[in-house]
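Enquirer: Take a look and give me a structure for this.
(chains A and B)
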Amino acid sequence: MRSRRLVGRRREARRGGLKRYVLDHGRAVAIMVGASCAAGVAYNFIHPRGIFVPEQVSCAPERKTVTGAVPPAGEVSPKATRTASGQGTKAVQHASHAPVVTPITLEQAKKRYDEHNALFVDARARSLYDMGHIPGALSVPSSTVGSRVPSLPGGRDSVVVVYCVSPDCDEAEIVAKALAGGGYSSVLIFKEGWNAWYDAGYPQQKTSP
Amino acid sequence: MMGNILVAACRLLLGLIFVVAAAGKLAKPVQFMGDMAAYEMVPGAVLPWAASMLPMVEAVAGLVLLAGVPFAFSRSKRPVLGIWLTSAAWAVAGMLVMFIVALSVVILQGKSLDCGCFDMLGRYLPIAHSSKVDWGIVGRDFVMLAMAVPPLWRGR
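Expert: Below you'll find the model as predicted:
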């Protein structure tokens, strides 16, 4: 019905000149875009991986740990969560559904390493990774990430621990944010990083030339 | 006749590109929101809404254009989709202008980020060989913008 009326208007528009054309097409575009927007929002409420489906986006740390993983105390404390989101990148920080990256300590990282219940991700440059890294860690240099979501073995429900050199480096945060924003539900950031791991004399691995 | 073919081809290509691009985003909404967040252009409070709306607008505009392909050859004085076809072309052109502006800004800012244009489908499409933002992608958007002109001219 409406489209017929608009078709009729279109004929008028030919006679009525630019103003009519702008009015009619503006209205049609507004209706089309408005309806699409509503449909898009509805879609994201309904779709199991939709933006407004809390389980997918709030990325509550440790909610979906790998089987048998027990979150060490302190990891999910509200304080730690606040700290993490307070350091978030500008764009993600404000979002009501902002992904959360949780910081963990050296001990917690070591515990996860010993229990094999997390995937370690080395965010440093490839050359540093080759010189020595936590055994089993994957090299995902932050320079290769941008906003692309790295795809890791183990899927988005696995627990990921990201680290770089020291508490002062920001590579780990870049990679962790990309992972969390990309739907990885349990992203932990090992702030003390490689230096602390190395100093503690924990196991390390070198890439053979 | 040539004009009809041109209009049909433009509707077909633009429609396909937009539907394919939208499909990739609709399949992974959260990832698309991540890509959009990296542009740092949409305030965080608005981001989830914008990220859920944009792909659907792309999809609908693309579908309307695709639906209009056969009617490029229609001799009817009363086009079947009427004003909607032209409006879909306007919507597509508007989005492309928006994309061009956003891409140019982030490139000029020197950011290296994922375009998010074709998202997950990118790697399967020859048209999206590079997903990092660069001037090539802006050029591609200008080509698409040019493809919106014949459908708009037809519906004038």
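
Enquirer: Could you report the pLDDT at A:Arg27?
Expert: Each residue has a pLDDT score; the one for A:Arg27 is 94.

Enquirer: I meant to write B:Val7 there.
Expert: 92.

Enquirer: in what helix or strand does it lie?
Expert: helix B:2-27 (DSSP states H and E).

Enquirer: Can you confirm whether that helix lies near chain A?
Expert: Yes - counting by C-beta under 8 Å from any C-beta of the partner chain, contacts between helix B:2-27 and chain A involve B:Leu26. For every residue, glycine as well, the C-beta is placed using N, CA and C.

Enquirer: and that helix, how far out from the chain's middle?
Expert: In terms of C-alpha atoms, centre = their mean, to the nearest Å, the centre of helix B:2-27 is found 8 Å from the chain centre.

Enquirer: Using the three-state scheme, assign B:Met41.
Expert: coil (DSSP: H, G, I helix; E, B strand; the rest coil).

Enquirer: mind listing what it touches?
Expert: Counting by C-beta atoms under 8 Å, 6 or more residues apart in numbering or on different chains, B:Met41 touches B:Ala102, B:Val105.

Enquirer: re the thing from before, if you count contacts, what does the helix holding B:Val7 end up packed against?
Expert: Helix B:2-27 sits against helix B:47-67, helix B:83-108, helix B:135-147, helix B:149-154, with contacts defined as 3 or more C-beta pairs under 8 Å, 6 or more residues apart in numbering or on different chains; DSSP states H and E.

Enquirer: Could I get the CA-only coordinates of the last one as CSV?
Expert: When you say that, I think you mean helix B:149-154. Provided in CSV are the C-alpha atoms of helix B:149-154 (Å, rounded to 0.1, in the frame of the first residue of the first chain):
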residue,chain,number,x,y,z
VAL,B,149,25.4,5.8,-10.4
PRO,B,150,23.6,3.9,-13.2
PRO,B,151,20.8,2.6,-10.9
LEU,B,152,20.4,6.1,-9.5
TRP,B,153,20.3,7.6,-13.0
ARG,B,154,17.6,5.1,-14.0
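
Enquirer: tell me what that helix is packed against?
Expert: Here helix B:149-154 touches helix B:2-27, helix B:83-108, going by 3+ C-beta pairs under 8 Å, 6+ apart.

Enquirer: which stretches of chain B aren't confidently modelled?
Expert: Where chain B drops to pLDDT under 70, the residues are B:1, B:31, B:77-80, B:119-131.

Enquirer: quick one on the thing from earlier: I'd like the helices and strands packed on helix B:149-154 laid out as JSON lines, including mean neighbour count and distance to A:Ile104.
Expert: Shown next, in JSON lines, are the helices and strands packed on helix B:149-154 (neighbours: other C-beta atoms under 10 Å in any protein chain shown; distance: least, C-beta to C-beta, whole Å):
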{"stretch": "helix B:2-27", "mean neighbour count": "19", "distance to A:Ile104": "32"}
{"stretch": "helix B:83-108", "mean neighbour count": "20", "distance to A:Ile104": "32"}
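
Enquirer: Verify the contact between A:Ala35 and B:Ala59 for me.
Expert: No - the pair A:Ala35 / B:Ala59 is not scored as a contact, 11.6 Å apart, by C-beta atoms under 8 Å.

Enquirer: Between the two, tell me which one has more neighbours.
Expert: Higher neighbour count among A:Ala35 and B:Ala59: B:Ala59, with 22 against 13, using other C-beta atoms under 10 Å in any protein chain shown.

Enquirer: Could you measure from that one over to A:Cys37?
Expert: To A:Cys37, B:Ala59 is 12 Å away according to C-beta to C-beta, to the nearest Å.

Enquirer: what does A:Ala125 give?
Expert: 42 Å.

Enquirer: what ranges do the strands span in chain A?
Expert: A:102-104, A:119-122, A:138-139, A:159-163, A:186-190 (DSSP state E).

Enquirer: For A:Leu23, which of the ones you listed is the nearest?
Expert: Closest to A:Leu23 of those, according to C-beta to C-beta: strand A:186-190, at 49.8 Å.
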